[in-house]
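Asker: the following comprises the amino acid sequence and a computationally predicted model.
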Amino acid sequence: MAKFLGANLWAIVESEARRPGAKRIAVAYTSSLKGISLGRGDVLITDASKRQIEQRQTDVASLQAAQARGCAIYNVPSLHAKVYIFRRQIVVGSANLSRSSRFLREAAVLTSSPQIRSAALDWFDSLPKTDPLTRERLAELRKIRLLPRTGFATGSGARLTLLEALEKKDSLLDDFVFSWFETDSPLSDSGVKTEARERRVLPPGVSGKDWKWFEWEEGRGLKRVLDLAYRRKPCIQFRVKVDDDQVIKFTGLETAIGVYMLSFRMSHRGRHHRVQLIRLQHRSPGITLQGPSWRSELCNILTAGLRARPELARRIGQRRASTIARNELAALYAAGTHANE
């Protein structure tokens, strides 16, 4: 069975990369291994030619870190493919292991077909491995002088704010899932982080600044509800207050995109909570959440929309997964804009 990956591409790739089993990756450029831990038993084939290194398309320091952990790395200058072979799934598409890939509109196909896996492994094994990137070879490549940065594909170009995207009804909004959360919590940040460390649920190399957590009071079937709601797309998160009637009020907007990692059950004072870990992407693909003034303006408009559409406000506030559908967000924006005229 095959599945198309769009905005959820990196969430799926990172999820598959965390599973046990050897990884076989062949990509044109490797400038960032964030979220992809490569070590003993893994093989990476990439273009580490002088031209790509001096243009910063491939980063030698990243290759050295993977090689030090036991990953076998080979240089194939003519390589242009982007193929990820994991234990259960294969991803073939447009995404390099690069910093810029996180901010571009990538696409790929995910499949567990045994026939395609066999063909992919045959293709991977046929790639030339005459230039292994040993410790000594990488040390030599590290001496290549890098060209000045041009700003190309760094995610620093002009992007729509979320407010502008809603105003323009831009199709970019279809690439995200939207959610809300309350800042008050019976669980402490230190307690959740301690639990996560003890359970060893965080992938190697993920620091405390790279992730955050949300929580729900545990209930029957909640894990499946959250998995279905948050696995598909990167998430834009609103801070809210909830009144006694479960009606929400928007109070803020997180400035980083959240990508679902996993969830686990945690007990606190005799009550069970479902804790969900979210990896943070501080530069979101295609849209920006940065900037001080427009975020408060957007929250005011959406809150006015909640007052104008009380039935919609109750529906959103009572939803188990704490999500807001794309059409609901548009409806609140339209209602709030009209109410403020």
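Answerer: Looks like it came in fine.
Asker: using the three-state scheme, assign the spatially most central residue of the chain.
Answerer: Note on the chain: the residue nearest the mean C-alpha position is V259, at 3.9 Å, using Cα atoms, centre = their mean. Secondary structure, DSSP: H, G, I helix; E, B strand; the rest coil: V259 is strand.
Asker: got the contact list for it?
Answerer: W10, A11, E14, P234, C235, I278, R279, L280, Q281 (Cβ atoms under 8 Å, 6 or more residues apart in numbering). Every C-beta, even on glycine, is put in place using the N, C-alpha and C of the backbone.
Asker: quick one, helices of the stretch 1-150 of the chain?
Answerer: Ranges of helices within the stretch 1-150 of the chain are 9-17, 50-54, 60-68, 114-126, 135-141, based on DSSP state H, counting those that start in this stretch.
Asker: and the second one, what's buried?
Answerer: Right, the one you point to is helix 50-54. Q52, I53 (16 or more other Cβ atoms under 10 Å).
Asker: Throw the helices of the stretch 1-150 of the chain into JSON lines and include mean pLDDT, thanks.
Answerer: Converted to JSON lines, the helices of the stretch 1-150 of the chain look like this (pLDDT from 0 to 100):
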{"stretch": "helix 9-17", "mean pLDDT": "91"}
{"stretch": "helix 50-54", "mean pLDDT": "90"}
{"stretch": "helix 60-68", "mean pLDDT": "95"}
{"stretch": "helix 114-126", "mean pLDDT": "95"}
{"stretch": "helix 135-141", "mean pLDDT": "95"}
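Asker: comparing those helices, which comes out most buried?
Answerer: helix 9-17 (a mean of 21; mean count of other Cβ atoms under 10 Å).
Asker: can you give the distance of that one from its chain's centre?
Answerer: Offset of helix 9-17 from its chain centre (Cα atoms, centre = their mean, to the nearest Å): 8 Å.
Asker: remind me which residues of the stretch 51-200 of the chain are low pLDDT?
Answerer: 103, 148-158 (pLDDT under 70).
Asker: would you mark the buried spots in whichever strand or helix holds G305?
Answerer: Using DSSP states H and E, G305 sits in helix 292-308. Of the residues in helix 292-308, W294, R295, L298, C299, I301, L302, T303, A304, G305, L306, A308 count as buried by neighbour count, 16+ other Cβ under 10 Å.
Asker: surely the fourth one and F250 touch.
Answerer: Yep, that's C299 we're talking about. Yes. If you go by Cβ atoms under 8 Å, C299 and F250 touch, sitting 4.0 Å apart.
Asker: which residues are common contacts for those two?
Answerer: F238.
Asker: for R315, helix, strand, or coil?
Answerer: Applying three-state DSSP: R315 is helix.
Asker: now for the residue nearest to it when sequence neighbours are not counted: which residues touch it?
Answerer: Leaving aside its chain neighbours, R315 sits nearest to E328 (7.8 Å; criterion: Cβ to Cβ, 6 or more residues apart in numbering). Residues near E328 by Cβ under 8 Å, 6+ apart: L312, R315, I316.
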